Every structure is written in C-alpha cells, then in structure tokens.
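> Got a predicted structure here, sequence first:
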Amino acid sequence: MSSEISTYLTGRYVTIPVYTLSLREYLTFKNKDVSQARDVFDEYVQYGGFPIVGISSFDTKAAYQIVDGIYASVITRDISKRHKIRNKELFDRVVRYVIENVGMTFSANTIVKFLKSENRSLSVETIYNYLKWLGEAFIIYPCQRYDLQGKAVLKTQEKYYLSDISIKYSQMGFDTKMLSAVFENIVYLEMKRRGYDVYIGKNNTKEIDFVAVRRDERIYVQVCVQLPDGSDRETANLMDIKDHYHKYVVCRDTLALGNDNGIEIVHIADFLMRENW
C-alpha cells in the first residue's frame, strides 16, 4: 500500500503518482489527432481511462466488465483480505455509498446515519478506516474543503473522487444523470496529474468546485455540464472572489463559451487539452 512504501525503502525516496489515462493520452491510444478532442471526449467520458480499455476496441459492456474485474481484485486482495474485514457485505455497502456520492460532501457520521436508516450499524472509527484503506488502494482520492476567508483547510465534509470514472459505471451502469459528478471527477484528476493540490473552495456561504494550488500558482474552477439559460450562478460564485488568479467555468456548452467579466468559460475538452491554464 502507498502508506507502506517507505517501510521497504532505505534513505530518501520520491513518490511519483500514476493515474489512468488523461484525455490527451486517450487520444494517443486511439490514434486520434489533438483537433479531434471534442469529438472523442464523449467516448472518453463513457469508457474511462484504464489503458487496457483505451488501447482496445471493446463495447461498453465488455469495458465495464474488465474494470469491474480490476476493481474487485483491488477490493478483495488489497483491502478485504489484507485488513481481515469480517463483514464483507457491510464493507461493500459503504464502498457503494461512496461511489454513489462521488462529488458530494459527506462525512463518516453521514455514512453512519445512512446505515442506521437501513437498520445497519458501524462505528465512525470503522468508517474512517474503510475510507483510509480505499485511499491507500487508490480507489478514491479525498478532496478537503478550503476556507478562502480564513485561509485554512477544513477537516469536515470532504468530497471523494474515484481514481477512474469507469469504476462508477462498472458498479452502477452508465447514466447521463451522472454527468455532473463525472465531469467534476475528470477535472479533479486532470489537476492532480499536473501536480496541483486540489480543494473544494468555501467562500462564506458559497462553494467553489475547485481551488487548485501549485507553489505560487492558483486557479479557481467551476464545473457544470451546461450553463442554465439566464443563470449566472456558476460565474457569480467566482466573481465574489476578489483576487487576480485565473477563474474558469468548465462545461460542455458550446454556445456559452467566452469571457464573462474576466471569468473564462471554456469547453471541458479544450480545458483538459491545454498545455497551461
């Protein structure tokens, strides 16, 4: 597990995180040109970024079965057997809750209350252990909240994102109603690939989807599938931030692209393909 690597290495070491395929890498695997990014994006969303899927020509059913096999082996070998989890059914229910609520803020207490509603019982400490083990096995990544006013990382109500969106499909099937959370997941992973520390932004009562920090750089990102007609909700949250850092609304709405009072509204495929933000 990731937390145990240092135990087996002497002296200094450098951890190099490896993620599933980015959109740019997916295009390479499919022998597509950079100019085809928007056209290929929907396929990338539907299939995910596992290399074995990207390099092959599976239909979605076969692709999700392969991902399910990867997921099941990690859950069974790296977590259940390794940590001697006795109630596998209850553990699986917690994992499914996390997968169902990708991109939603929740805590260990939230899961405990949910399980109680199903007449099941687990301690908060056990839930924390499950979440930690899922992170160590690279099934999920935690995303903490950052208070822009107090300039402090908050320790409650995190979000969790999957190491690849196809894990969600392999367990629940693909549904376009998932796209909002899926787009967030994709953007989150892209920022992590580029070495950013990524947080959920809290600005008084308003939430910014992502605050990404890399050394002295910072960007703010709102993610949506489509900008609602006549609504400035996505840009309004960003306008309330009074600093000079770049602000983006990332969406798939080709009609809304442009600039709104210094906030760049950009197609999600274009955003993922940019060399620099």
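Perfect, I can see it now.
> and the next element down the chain from the host helix or strand of Q222?
Assigned by DSSP states H and E, Q222 falls within strand 217-223. Downstream of strand 217-223, the next assigned helix or strand under DSSP H and E is helix 233-239.
> Show me what that following helix is packed up against.
strand 206-214, strand 217-223, strand 246-251, strand 263-267 (3 or more Cβ pairs under 8 Å, 6 or more residues apart in numbering; DSSP states H and E). For the C-beta atoms, the positions are set from N, CA and C on the backbone; glycine is no exception.
> tell me which residues in that helix are buried?
By neighbour count with 16 or more other Cβ atoms under 10 Å, helix 233-239 contains the buried residues E234, T235, N237, L238.
> Ok, stretch 243-251 next?
Applying 16+ other Cβ under 10 Å to stretch 243-251 flags K247, Y248, V249, V250, C251 as buried.
> Among these, which one sits closest to N109?
Closest approach to N109 among the buried residues of stretch 243-251 (Cβ to Cβ): V250, at 31.3 Å.
> got the contact list for that closest one?
With contact set as Cβ atoms under 8 Å, 6 or more residues apart in numbering, V250 has these partners: F183, V187, V221, Q222, V223, C224, V266, H267, I268, F271.
> For the nearest residue to the third one once chain neighbours are set aside, give me its contacts.
Just to be clear, that refers to V221. Nearest non-adjacent residue to V221, counting by Cβ to Cβ, 6 or more residues apart in numbering: F210, 4.3 Å away. Shown in contact with F210 (Cβ under 8 Å, 6+ apart): 143, 184, 187-188, 191, 198-201, 219-223.
> any chance of those in a markdown table, with neighbour count too?
Shown next, in a markdown table, are the contacts of F210 (neighbours: other Cβ atoms under 10 Å):
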| residue | neighbour count |
| --- | --- |
| C143 | 21 |
| E184 | 25 |
| V187 | 23 |
| Y188 | 25 |
| M191 | 19 |
| V198 | 25 |
| Y199 | 21 |
| I200 | 21 |
| G201 | 21 |
| I219 | 17 |
| Y220 | 22 |
| V221 | 25 |
| Q222 | 25 |
| V223 | 23 |
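> Closest one to F41 out of those residues, please.
Of the contacts of F210, the one sitting nearest to F41 (Cβ to Cβ) turns out to be V187, at 12.1 Å.
> My guess is that closest one contacts I219. True?
No - between V187 and I219 there is no contact under Cβ atoms under 8 Å: 10.8 Å.
> can you count the residues close to the closest residue to F91 other than its chain neighbours?
Leaving aside its sequence neighbours, F91 sits nearest to I85 (Cβ to Cβ, 6+ apart; 5.0 Å). Using other Cβ atoms under 10 Å, I85 has 18 neighbouring residues.
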